[in-house]
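**Student:** sequence and predicted structure are below.
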Amino acid sequence: MLSIRPFLYFASLSTGMGAAMLGGGSLEAQSVRPGDPTTSYVRALSLTGADFGTTFTVLPGTDLSGPAREEQIPETRAHPWWERPYPAYGTAPSSGALALSVDEARVRTVLNSAVPRGWNDGAMWAGRGVTSSFDARASARWRGLAVVANPTVVFNQNRSYELATVLPPNQPPWAYPWRVVDWPQRFGPDSFWTLDPGDSRVSLDWKSGRVSVGNESLWWGPGVRNAIVMSNNAPGFLHAALSTNEPVDIGIGRLEGKWIWGGLGESDYFDPSAPSDRFITGIVLAYSPDWLAGLTVGGTRVFQTHVPDAGLPASEYLLVAQGFLKVGQVSDQQPDGSDRRDQILSLFARWAFPESGAEVYVEWARTDHALDLEDFLQEPEHSQGYTLGLQKVTSKSTQRMFLLSAELTHLEASTTFQLRPRPTYYTNSAVTQGYTHKGQILGAWVGPGGNSQFVGLEMFAAWGSVEMFVQRQVHDNDAFWVWAEANNQTFDAHHVSFDLGVDAMVFRGEVELGGGAVITRQINRWFYGPHLWNFNLSLAARWRPGA
């Protein structure tokens, strides 16, 4: 959960030693992947009129392949990276021959001076002190079959700092202090190493479809900073998937989608008596109608449950088709319609306006079933969360492009909690680990009961890019209201962080060098704690072939 966007972007030392081909073939262009700098650039470029065949709502997504990608960009529009090829992740054999390649390796280093701080960095958890990671990517492809290996090694110095007292019973002292959820304050008392599969996968493509098994990080929905249901904030988890590998023409528009089944793990710093094996299944669909250019609407739904000793019944694999109302789940075993599963769903929309160089997007989510239709119509806001965002591209020449971004995410409980149970995001009374994997939140990085506001300005130029941003985060306001009432506190003890950051990336031939710095002011840490400053520094590099 801990690293800043620049750290993701520029943190790659890509040993793309080129495609070692056994037979003829042509390089395949990069898939649109969460956390990659090319994804940010291509999304900005799409606002100038280029059609890359992706909605940026189902990631990893469409391959950016084909010579038409350059021709789609009007000559009068900015395209400052036009001389820099897109990363070639593997090869797409044209003659049926086997193609082997070493695609990428990368190195990242992050320093936090006082406390852990950051977001959306997959397998890397950057605590206090120095955290470094290295990963390498290699692939083998034959016709529609692809095998991609992307092992990742992470070192965490994990220096000590003052922890909050853990209130829930049977939890270790490193656990989250306010509620039962596998989201540790600190991953133990010592430095440690982690080996993770990274974005590894085995996949088989046929026409516009794909069957895969892998560990790839996923990003669902239109958000840029926060994805409420599925993001790369946590490490990727092992899953099987049925998906599109490009938008499918269904006659009335184009459709993208993915349906997954997988398993989740817990950290070593959670209640050891709790069942640890969890099953997750989810679906995302994104539809772009022909008659409304630039519009994409869609939805996501995810269930997780503990795996019983006897194994999962077949019906669990079809949970995404379950009804949306609790009244439909009533049974002799569950007279109130509740069950042992945890679910979250969202609806989203993204509308791009290339003639204006802008886009707006929204994701609206619920983390609890409505009791019945009448309940939903009366209180649709119960258990809701939402993200609102916009991006605007401007340019003074074809060699320089500016991207203004703003995003707001709100996961704090609505006022309905005054008269009914408070369903805090990413926590669940039956699946006590919450919506987590290996101790990190699978959804929005702001976490349970969190809110954030972000404004950033990024410039793309032929030499690379630079961004400045400001951000405000409110930490777990759901817990604050309970704590404040119990401790006779007033309104002025919210745990809030203010970030001011800058990041940059510079091209040097096949190498991309990057770094960032973020100054954070935290007030009322853990509500009762002191104000503090944190300095976050990141350095990184990427070397990729053919750049």
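**Tutor:** Looks like it came in fine. Numbers count the residues shown, from 1 in each chain.

**Student:** which regions of the stretch 1-150 of the chain lie under the pLDDT threshold?
**Tutor:** 1-30, 62-77, 85-95 (pLDDT under 70).

**Student:** quick one: T39 from F480, how far?
**Tutor:** 35 Å (CB to CB, to the nearest Å). Every C-beta, even on glycine, is put in place using the N, C-alpha and C of the backbone.

**Student:** should've said V102
**Tutor:** Applying CB to CB to V102 and F480 gives a distance of 49 Å.

**Student:** again with N215
**Tutor:** For N215, the distance to F480 - CB to CB - is 35 Å.

**Student:** likewise for N233?
**Tutor:** Taking CB to CB, one finds N233 at 22 Å from F480.

**Student:** more neighbours, these two?
**Tutor:** N233 (27 against 22; other CB atoms under 10 Å).

**Student:** A helix includes that one, no?
**Tutor:** No. Judged by DSSP: H, G, I helix; E, B strand; the rest coil, N233 forms no part of a helix; its state is coil.

**Student:** how about it: what's its closest non-neighbour residue?
**Tutor:** W445 (4.5 Å; CB to CB, 6 or more residues apart in numbering).

**Student:** count the neighbours of the one you found for me.
**Tutor:** Other residues near W445 come to 23 when the count uses other CB under 10 Å.

**Student:** which ones are touching it?
**Tutor:** 1, 119-120, 225-226, 231, 233 (CB atoms under 8 Å, 6 or more residues apart in numbering).

**Student:** pick out the most distant pair among these.
**Tutor:** M1 and R225 (12.9 Å; CB to CB).

**Student:** how many residues are close by the nearest residue to A234 once chain neighbours are set aside?
**Tutor:** Distances taken as CB to CB, 6+ apart place Q440 nearest to A234, at 3.7 Å, with adjacent residues excluded. By the measure other CB under 10 Å, the count of residues near Q440 is 23.

**Student:** ok now stretch 383-403, how far from the chain's centre?
**Tutor:** Between the centre of stretch 383-403 and the centre of its chain there are 18 Å (CA atoms, centre = their mean, to the nearest Å).

**Student:** what mean pLDDT does that stretch get?
**Tutor:** Mean pLDDT, computed over stretch 383-403, is 92.

**Student:** identify the residue nearest the geometric centre of this structure.
**Tutor:** S231 (2.0 Å; CA atoms, centre = their mean).

**Student:** skip the chain neighbours and tell me the closest residue to it.
**Tutor:** Closest to S231 by CB to CB, 6+ apart is W219, at 5.6 Å.

**Student:** need the contact list for F270.
**Tutor:** 171-172, 175, 182, 184, 433, 439.

**Student:** repeat for V496
**Tutor:** Contacts for V496 (CB under 8 Å, 6+ apart) come out as 472-475, 522-524.

**Student:** partner residues bridging the residue nearest to A234?
**Tutor:** H437 (DSSP bridges).

**Student:** hang on, it packs against G127?
**Tutor:** No. Counting by CB atoms under 8 Å, Q440 stays clear of G127, with 12.0 Å between them.

**Student:** tell me the secondary structure at R117.
**Tutor:** coil.

**Student:** report how many residues lie close to it.
**Tutor:** 24.

**Student:** doesn't N536 make contact with it?
**Tutor:** Yes. The criterion here is CB under 8 Å, and R117 meets it with N536 at 5.3 Å.

**Student:** joint contacts of those two?
**Tutor:** Counting by CB under 8 Å, 6+ apart, the common neighbours of R117 and N536 are 518, 520.

**Student:** Three-state assignment for the residue lying closest to G294 once chain neighbours are set aside, please.
**Tutor:** Using CB to CB, 6+ apart and skipping residues adjacent in sequence, the residue nearest G294 is A352, 4.0 Å away. Secondary structure of A352, reduced to three states by three-state DSSP: strand.

**Student:** good, wrapping up.
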